[in-house]
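[1] This is the structure alone, sequence omitted:
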């Protein structure tokens, strides 16, 4: 009988979800769904120095925004609860005691200063530091407690059998770590919290995880986990260590290359289905030259044998092109929903008052009008850049000096003259697109002016810049009273 595939994503709550973590979650989700297996979400918060309060909820929100849902785990429950490692300390303690009682682990009492001195000595010899096992091993918890009372740390180290360890990886094949490169590593810290290796192995074993996809940086540590699994009697899972994600300069992707969290792309106005599609191509290919896929199509197509061990490059230009194409192909309702979501997150972590906050996020009719008026936009941020000024106070926007000089003041203030004449005509106009179109076109013909010579002065007057939606859309968004008030303000500032 074929074993049911069970994968997991086990992030540390240190902030928003990084795109590398999102890729790990996505691949594990796709493989579980493809095989009819299960996908689990676990929060690994044993590194208390890096722990950020509330980060677990941010990660959950990022995953669900991408369309990634789990069968059991954090925020959902299941038969293996709890799914937060800091709530499972007693589980880790009991199995650590078992290792101590079986002679597979021991207490160690070196201070950080003593360990640092040993590292410095190894460095002076130009040798790699390896912890040397004490001649007398202590497994009695009373002795450990006695040492603590004397002010010494008491950690638990795994008693390594010191044998070559071979890991079988789906991408990299067999990877062997020689016994000479290993040592006795810490599995339980002095504060009672487990190290990553112990907690990870115990939880994967108890929760039935049998297929692990994660970043390539973990491959060099996997020998420790294999030894711990053997010592604890857990089955070995299958591994697929994913290639690194690099920037376009060939460096490991980091904040120096711009925002790298999923939330940053949500806040920048990308569609979640586009970002998920793009992330899936960072180390995986469905075959052929196919690139554009829905989440359901990725579930159908995903298999680990299509993963690459070549480092992936995060091409922001390609991502923007993906989003531009998706926006052009999407229904208006999908774009309205996406735009509303984009607006909903603009002031998170800020103080409010962003340009996006001026736009009525709950007015779906207005959002639809903005989308129709800005055909060809690339991200939702483009809509805000073009339209937000139309929703603010009539006296709050600034006039761009270069725009004023080029459009209004040039040729003896020709632009101002156009505005003064149009002001009177607009005051008497019906405020509909057909009526405004006839008015402006007749004025252009009568004055022998091009549309640009008329539309641009209006645009600068009512927005402060030369950038806005088409001029008739701009006037309709503002309405008659606001348009006239803004033209009056512009003419006053000339004087």
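    Perfect, thanks for sending it. As the structure is a prediction and not an experimental result, all values here were calculated from the model. Residues are numbered from 1 along each chain as shown.

[2] now the helices: where do they sit in the stretch 101-250 of the chain?
    112-124, 141-149, 196-207, 222-232 (DSSP state H, counting those that start in this stretch).

[3] For residue 308, find the nearest of those helices.
    Of all the helices of the stretch 101-250 of the chain, it is helix 222-232 that lies closest to residue 308, at 19.5 Å by C-beta to C-beta. In short, each C-beta sits where N, CA and C put it, glycine included.

[4] about what we covered before: TSV for the helices of the stretch 101-250 of the chain, including mean pLDDT and distance to residue 164?
    Shown next, in TSV, are the helices of the stretch 101-250 of the chain (pLDDT from 0 to 100; distance: least, C-beta to C-beta, whole Å):
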stretch	mean pLDDT	distance to residue 164
helix 112-124	92	22
helix 141-149	94	31
helix 196-207	97	18
helix 222-232	98	9
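
[5] Can you check which of these gets nearest to residue 10?
    The nearest among those, by C-beta to C-beta, is helix 196-207 at 7.0 Å.

[6] tell me what that closest one is packed against?
    When contacts are defined as 3 or more C-beta pairs under 8 Å, 6 or more residues apart in numbering; DSSP states H and E, helix 196-207 sits against strand 6-9, helix 89-101, strand 186-188, helix 222-232.

[7] residues making contact with the last one?
    So that's helix 222-232. Residues from elsewhere that reach helix 222-232 (C-beta atoms under 8 Å, 6 or more residues apart in numbering): 95, 98-99, 102, 104, 158, 160-161, 165, 167, 175, 177, 182, 185, 187, 197-198, 200-202, 205, 235-236, 239, 241.

[8] cutoff 7 Å now
    Helix 222-232 is contacted from outside by 95, 99, 104, 158, 160-161, 165, 167, 177, 182, 185, 197-198, 200-202, 205, 236, 239, using C-beta atoms under 7 Å, 6 or more residues apart in numbering.

[9] Generate a PyMOL selection restricted to the buried subset of the residues you listed.
    Selection of the buried residues among the contacts of helix 222-232 in PyMOL, burial being defined by 16 or more other C-beta atoms under 10 Å:
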select buried, resi 95+99+104+158+160+165+167+177+182+185+197+198+200+201+202+205+239
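
[10] which regions of the chain lie under the pLDDT threshold?
    1, 255-258, 348-353, 495 (pLDDT under 70).

[11] what's the distance between the residue lying farthest from the centre of it and residue 480?
    Computed with C-alpha atoms, centre = their mean, the residue of the chain farthest from its C-alpha average is residue 446, at 55.5 Å. Separation of residue 446 from residue 480 (C-beta to C-beta, to the nearest Å): 22 Å.

[12] which residues does residue 173 form a beta bridge with?
    residue 169 (DSSP bridges).

[13] residues near it, how many?
    9 (other C-beta atoms under 10 Å).

[14] roughly how far apart are it and residue 43?
    In terms of C-beta to C-beta, residue 173 sits 32 Å off from residue 43.

[15] Spit out the contact partners of residue 420.
    residue 491.

[16] which SSE is it in?
    For residue 420, the element it lies in under DSSP states H and E is helix 410-427.

[17] And the helix or strand that that helix is followed by, what's buried?
    Counting by DSSP H and E, the next helix or strand C-terminal to helix 410-427 is helix 433-447. Neighbour-count burial for helix 433-447, counted by 16+ other C-beta under 10 Å, picks out 436, 439-440, 443-444.

[18] Could you save the residues you listed as a markdown table and add columns showing distance to residue 122?
    Converted to a markdown table, the buried residues of helix 433-447 look like this (distance: C-beta to C-beta, whole Å):
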| residue | distance to residue 122 |
| --- | --- |
| 436 | 80 |
| 439 | 84 |
| 440 | 80 |
| 443 | 84 |
| 444 | 82 |
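
[19] Show me the strands in this structure, by range?
    Applying DSSP state E to the chain gives strands spanning 6-9, 38-41, 72-73, 105-108, 155-158, 165-169, 173-177, 186-188, 211-215, 238-242, 245-246, 312-313.

[20] Can I get these in a markdown table including distance to residue 368?
    Formatted as a markdown table, the strands of the chain follow (distance: least, C-beta to C-beta, whole Å):
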| stretch | distance to residue 368 |
| --- | --- |
| strand 6-9 | 36 |
| strand 38-41 | 35 |
| strand 72-73 | 38 |
| strand 105-108 | 64 |
| strand 155-158 | 61 |
| strand 165-169 | 50 |
| strand 173-177 | 54 |
| strand 186-188 | 58 |
| strand 211-215 | 40 |
| strand 238-242 | 40 |
| strand 245-246 | 36 |
| strand 312-313 | 37 |
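
[21] which one of the ones you listed has the most crowded surroundings?
    strand 6-9 (a mean of 26; mean count of other C-beta atoms under 10 Å).

[22] what residues does that one touch?
    24-25, 28, 31-32, 37-42, 208-211, 213.

[23] Looking at those, which is nearest residue 71?
    residue 38 (4.5 Å).

[24] And that closest one, how far from residue 32?
    From residue 38 to residue 32 the distance is 6 Å (C-beta to C-beta).

[25] what do you get for residue 404?
    For residue 404 relative to residue 32 (C-beta to C-beta), the value is 59 Å.

[26] Ok, residue 25 next?
    11 Å.

[27] For those two, indicate the residue with more neighbours.
    Just comparing residue 25 and residue 32: by other C-beta under 10 Å the higher neighbour count belongs to residue 25, 27 against 23.

[28] what's the most centrally placed residue in the chain in contact with, if anything?
    Compute the mean C-alpha point of the chain, and by C-alpha atoms, centre = their mean the closest residue is residue 262, 1.7 Å away. Contact analysis of residue 262 by C-beta under 7 Å, 6+ apart lists 16-17, 19, 22, 62, 66, 275.

[29] for these, which one is nearest residue 267?
    residue 16 (9.8 Å).
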